[in-house]
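Participant: mind looking at a prediction? Sequence and model below.
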Amino acid sequence: MNLDPEIDARLQEFASAVDSAGWKLLQSAPEYEGLYRMIRYHLGWTEGSATARHAGGKKLRSTLTFLVAEAAGADWRCALPAATAMDLVHNFSLIHDDIEDASLLRRGRETVWARWGNAQAINAGDALLMVAYQALFDVEPRLGAGQAQGAYRRLAQACRELCEGQYLDLLWEGGPTVSIEQYFSMIGRKTAGLFQCAAELGALSAGAGLAREEAFGQFARSLGLAFQVADDILGVWSPEIETGKTAALDVANRKKALPATLALSGPDSPAQARLAELYALPRRLEPDETREAIGLLEKLEAREQARGFLEQLRSEALARLDEAAPGDAGAQIRALVGLALPVVQGASL
């Protein structure tokens, strides 16, 4: 997506602020340097640099925190502790997600587990989560005591829900068909909860009050649902070079992502029966089976149905943004929605 130069400059400013704060938190004694080298590698930072270098990821969640703080009438810098925590929590989840999915690539590079092994990657993810919580209390400008406590509580709840959603996502691999309602409940915890938390922490940092926190949170929740639907479509039909992740991994792992959920819960047909056979196998699909499954998803029109849900959720998110009355910051938040949810075109998003 081509962004307005002014907006792009702001996003770079936000990213630089978060990375600089994270860099300070991730310094260590020499004997632990290997641990933090893994974390810095995952974050895409240049080794040996005194300044953090943003080299991967859109930083959607931390940017959302900053923009909501502005929309609530504050200087975006007041939300730096919360935004830094959101970015680090998201990256903790990616390190663990790559292990759980046995994904070899993240942002076009080897994943942490693929390079250093599962055990060290688990430990690096755990350490990153703890550093994220430190950010709420240690990053300048410091949050007030009440704000920090409220932020901690919200972030802890979002992380708990993320783990609950991830549990279901893994549990359903190779299992029975799930309903559309179950799918959206799962991604509401796995993905949308962190988006909602990011917006609420932005409003909280600005001292906006509970009503506006909730209004921005509901917008962000809809955005998070739409983002996961978009990611599910990309996970099947976008080439590896575009996503920076292992191609068609959701299909190979028999995940109940939205295209598969729609196809498996639709009317009975020979194509659906064969897809169900493949998704019931007690192992990862072989490359030829993965290609067959993708063909069956296309035959069952799962891509077109998933696009319909994406557009519905995009519209819902924008309507809820209007209800939150973002003021002058609204245009930039809408630009962020465009960055998070590219327009569906052709074979990919």
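Facilitator: Sure, I can see it. Residues are numbered from 1 along each chain as shown.

Participant: hey, where'd the strands end up in the protein?
Facilitator: In order along the chain, the chain carries the following strands (DSSP state E): 105-106, 109-110.

Participant: export the ones you listed as TSV, with columns for mean pLDDT, mean neighbour count and distance to residue 312.
Facilitator: Glycine gets a C-beta too; all of them are placed from N, C-alpha and C. Formatted as TSV, the entries for those read as follows, by pLDDT from 0 to 100; neighbours: other CB atoms under 10 Å; distance: least, CB to CB, whole Å:
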stretch	mean pLDDT	mean neighbour count	distance to residue 312
strand 105-106	93	20	29
strand 109-110	94	14	34
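
Participant: CSV please, covering those strands and showing distance to residue 187.
Facilitator: Formatted as CSV, the entries for those read as follows, by distance: least, CB to CB, whole Å:
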stretch, distance to residue 187
strand 105-106, 20
strand 109-110, 26
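
Participant: tell me which residues touch residue 21, please.
Facilitator: Residues near residue 21 by CB atoms under 8 Å, 6 or more residues apart in numbering: 80-81, 84, 135, 139.

Participant: can you check residue 102 too?
Facilitator: Residue 102 makes contacts with 253, 284, as judged by CB under 8 Å, 6+ apart.

Participant: before we move on, back to that, of all the contacts of residue 21, which two lie farthest apart?
Facilitator: The distance between the two most remote of those (CB to CB) is 8.7 Å, for 80 and 135.

Participant: re earlier: ok, and the most crowded of the contacts of residue 21?
Facilitator: Going through those with other CB atoms under 10 Å as the criterion, the one with the most neighbours is residue 84, at 27 neighbours.

Participant: to residue 331, which of the strands of the chain lies closest?
Facilitator: Distances from residue 331 to each of these were compared using CB to CB; the shortest belongs to strand 105-106, at 31.4 Å.

Participant: might one say that residue 64 is in contact with residue 199?
Facilitator: Yes. Checked against CB atoms under 8 Å, the pair residue 64 and residue 199 is within contact range at 5.6 Å.

Participant: and for these two, which residues touch both?
Facilitator: Taking CB under 8 Å, 6+ apart as the contact criterion, the common neighbours of residue 64 and residue 199 are residue 220.

Participant: do you know which of the strands of the chain lies nearest residue 305?
Facilitator: Taking CB to CB as the measure, the strands of the chain were each checked against residue 305, and strand 105-106 came out nearest at 27.8 Å.
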